[in-house]
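> below is the structure, and that's it, no one-letter string:
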């Protein structure tokens, strides 16, 4: 038995669990590889195999036919919260992640990730695609257990952290901390590099964990015309480009599945396909398909968080292609994979999920008697009972706009009739379950996750408006389109000065790659007329003039080590201001 320490956690690789080899079955005696594919904004009804009569997804349909299908599987209602829960096996609010912006998408440093677990167990680890849990140290994927990383910035291509001008085609991404340009469509790039990584691991006879979270089918809905054209003539399609992006994902899944088979890796590879929240475009103007569910992305109703999850492992001797209707969720996948791969986590924050191994082997399990909670916070500070669903077997207790509703999904799968008044005992029981959840997940809700300044792992660092804590001044500037339009907004970053010393701050309206003056405009952009720039960090406050040709307002400041709030201003002649959307910080 081998024990490896990692931060606050210790992980153990064992040869067996529950009285049988953890990679059970007669077809293989090796530790299984894992490929986890998670698409973005694709809901339960956005697959042909799950009833969509308009979509073409033949490869995923084939995977469905040969997999265990978790038919009552739930995730968060938006991007970052799902990612935090998936990777930690914990409710997102307990990890510091309950929003997609405003510094509330940054994963706490003491969380143990799926990549940490696999890496400590001797696996090579990689991520290709959308990270969305922080773009600065200590939140980047390479800081959280991943050996190989190729990701875009922020929560979508075109967010402020992303290379300016990326548009899904021939873009520049971050490869192991450095920007590199790639040819091709984004989804193709992610799958190409995933297969390259898998091939390298196979040649080195190393087990691998490959996390493949695509940014598609998230907006902007850019895709090659030949994909969108498949759907343009159908008047029932809600968005041809969105459907075209899904078909492109399907083609890539087909390539991946063929590659695994031709490389003789399919038997010993656990391949999981899932999505990160309900559909963003399931129903639009009365058109589309949502599998009979109410709500879509961001909603506490079923359509906001019930998603497909297919688990395929030919050599694992699983119970076979079958639907499993037990209530399950994203928090369960880490403990499940630990169980299947023989990785045990001894220390670290408490896991909230449970291993699904008994379900996968057709054994009895106490999962039938459990409660799962999801919510949609999207606020600066956690709010109790805010847009949540308390799920137990057939029941859904939904809280929205301070109203408590109850639905019986066996009789009313579309959640059309609130029966809270008819079942006060069920309401009371589920309210009690929520109180336990709230107590478990809100204890650290007042804490900030802090970006490290001057750390050897990232010096210099670039901070963007995406991560402004901004409850009082409006929504942060998180997208490049907002930068182009010079949106008047501001907020503060929560930072930790890693060590005392002299620091240089460059306040910019445009990122360095745009190479334009603070007051300049670019095509489809708006000029500003800043005459003064102001910096405040902790109790230090400085102001400098801004001239017409300056690309950055530069400050040199002596700082003490420790936590601080950082804020910037670009001020025009009339006294109106906006934050500097990009602040570059370097310890000198």
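Yep, it's here. Source: prediction; values computed, not measured.
> can you list the buried residues in stretch 142-150?
Buried residues in stretch 142-150, counted by 16 or more other Cβ atoms under 10 Å: 142-150. For every residue, glycine as well, the C-beta is placed using N, CA and C.
> out of those residues, which is nearest to residue 424?
residue 144 (44.5 Å; Cβ to Cβ).
> now do the contacts for the closest one.
87, 107, 113, 115-116, 133, 138 (Cβ atoms under 8 Å, 6 or more residues apart in numbering).
> one more time with 6 Å
For residue 144, the contacting residues are 113, 115, by Cβ atoms under 6 Å, 6 or more residues apart in numbering.
> give me the pLDDT for it.
With respect to pLDDT, residue 144 has a value of 97.
> ok, so what distance separates it from residue 114?
9 Å (Cβ to Cβ, to the nearest Å).
> longest single helix anywhere in this protein?
Secondary structure assigned by DSSP state H gives helix 240-262 as the longest helix of the chain.
> so after that helix, what's the next helix or strand?
Toward the C-terminus, helix 240-262 is succeeded by strand 269-275 as the next helix or strand (DSSP states H and E).
> relative to helix 240-262, how tilted is that next one?
Interaxial angle, strand 269-275 versus helix 240-262 (axes from the mean of the first three to the mean of the last three Cα atoms, to 10 degrees): 170 degrees.
> does anything pack onto strand 269-275? Which helices or strands?
strand 33-39, strand 309-312 (3 or more Cβ pairs under 6 Å, 6 or more residues apart in numbering; DSSP states H and E).
> ok, then the element right after it?
Strand 269-275 is succeeded, C-terminally, by strand 283-284 (DSSP H and E).
> can you list the strands that that next one pairs with?
According to DSSP bridges, strand 283-284 has the following sheet partners: strand 287-288 (antiparallel).
> how distant is the partner strand from the center of its chain?
26 Å (Cα atoms, centre = their mean, to the nearest Å).
> contacts for it?
Against strand 287-288 from outside (Cβ under 6 Å, 6+ apart): 236, 238, 282.
> burial count for the last one?
Here the neighbour count serves as a burial measure; for residue 282 (other Cβ atoms under 10 Å) it reads 26.
> just give me the neighbour total for the nearest residue to it once chain neighbours are set aside.
The shortest distance from residue 282 to any non-neighbouring residue, by Cβ to Cβ, 6 or more residues apart in numbering, is to residue 290 (3.9 Å). By the criterion of other Cβ under 10 Å, residue 290 has 23 neighbours.
> what does the one 5 residues further on give?
Counted by other Cβ under 10 Å, the residues lying close to residue 295 total 24.
> adjust the sequence numbering to begin at 33 for everything that follows.
Okay, residue one is now 33; in that scheme the one you just asked about reads as residue 327.
> name the element it belongs to?
Counting by DSSP H and E, residue 327 is part of no helix or strand.
> excluding residues flanking it in the chain, which one is nearest it?
residue 333 is the one closest to residue 327 (Cβ to Cβ, 6+ apart), at 3.2 Å.
> what residues are up against that neighbour?
Per Cβ under 6 Å, 6+ apart, neighbours of residue 333: 326-327, 447.
> pull the longest strand from the chain.
Scanning the chain for the longest strand, with DSSP state E as the assignment, gives strand 594-604.
> tell me which helix or strand residue 232 sits in.
Assigned by DSSP H and E, residue 232 belongs to helix 218-235.
> that's a helix at residue 462, yeah?
Yes: Residue 462 sits within a helix when classified using DSSP: H, G, I helix; E, B strand; the rest coil.
> ok, which stretches of the stretch 133-282 of the chain are strands?
Remark: strands assigned in the stretch 133-282 of the chain by DSSP state E, counting those that start in this stretch are 156-162, 180-184, 204-207, 210-213, 240-245.
> Serialize those to JSON lines and add fields for mean pLDDT and distance to residue 524.
As requested, the strands of the stretch 133-282 of the chain are arranged in JSON lines below (pLDDT from 0 to 100; distance: least, Cβ to Cβ, whole Å):
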{"stretch": "strand 156-162", "mean pLDDT": "98", "distance to residue 524": "26"}
{"stretch": "strand 180-184", "mean pLDDT": "98", "distance to residue 524": "25"}
{"stretch": "strand 204-207", "mean pLDDT": "98", "distance to residue 524": "25"}
{"stretch": "strand 210-213", "mean pLDDT": "98", "distance to residue 524": "27"}
{"stretch": "strand 240-245", "mean pLDDT": "98", "distance to residue 524": "29"}
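> for these, give me a markdown table that also has distance to residue 472.
Compiled in a markdown table, the strands of the stretch 133-282 of the chain are given as follows (distance: least, Cβ to Cβ, whole Å):
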| stretch | distance to residue 472 |
| --- | --- |
| strand 156-162 | 28 |
| strand 180-184 | 30 |
| strand 204-207 | 34 |
| strand 210-213 | 39 |
| strand 240-245 | 26 |
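> low-confidence bits of the stretch 33-182 of the chain, can you list those?
33-61 (pLDDT under 70).
> what about 90?
The stretch 33-182 of the chain contains residues with pLDDT under 90 at 33-62.
> the chain too?
Applying pLDDT under 90 to the chain flags the ranges 33-62, 314-319, 351-352, 376-380, 395-401, 433-434, 502-507, 580, 608.
> mind listing the helices for the stretch 383-532 of the chain?
389-392, 456-473, 512-516 (DSSP state H, counting those that start in this stretch).
> and of the ones you listed, who's closest to residue 552?
helix 512-516 (11.6 Å).
> contact partners of that closest one?
By Cβ under 6 Å, 6+ apart, helix 512-516 touches 190, 196, 556-557, 613.
> just to revisit the earlier point, dump the helices and strands packed on strand 301-307 to a markdown table, plus mean neighbour count and distance to residue 374.
Below are the helices and strands packed on strand 301-307 laid out as a markdown table (neighbours: other Cβ atoms under 10 Å; distance: least, Cβ to Cβ, whole Å):
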| stretch | mean neighbour count | distance to residue 374 |
| --- | --- | --- |
| strand 65-71 | 25 | 12 |
| strand 341-344 | 24 | 17 |
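> what about these, which gets the closest to residue 359?
Per Cβ to Cβ, nearest to residue 359 of these: strand 341-344, 12.2 Å.
> same for the closest one, what does it pack against?
Using 3+ Cβ pairs under 6 Å, 6+ apart, strand 341-344 sits against helix 90-97, strand 100-102, strand 301-307.
> what pairs with the second one, parallel or antiparallel?
Yep, that's strand 100-102 we're talking about. Strand 100-102 sits in its sheet next to strand 341-344 (antiparallel), strand 354-356 (parallel), going by DSSP bridges.
> surely residue 112 touches residue 133?
No: taking Cβ atoms under 6 Å as the definition, residue 112 is not a contact partner of residue 133, at 8.6 Å.
> follow-up on the earlier one: other residues contacting the helix holding residue 232?
For helix 218-235, the external contacting residues (Cβ under 6 Å, 6+ apart) are 156, 158, 160-161, 180, 182, 200, 214, 240, 242, 244, 246, 248, 280-281, 284, 288, 291.
> circling back to that earlier point, quick check: which of the strands paired with strand 100-102 is nearest to residue 459?
Closest approach to residue 459 among the strands paired with strand 100-102 (Cβ to Cβ): strand 354-356, 27.8 Å.
> give me the contact list for the closest one.
With Cβ under 6 Å, 6+ apart, strand 354-356 has contacts from 100-103, 391.
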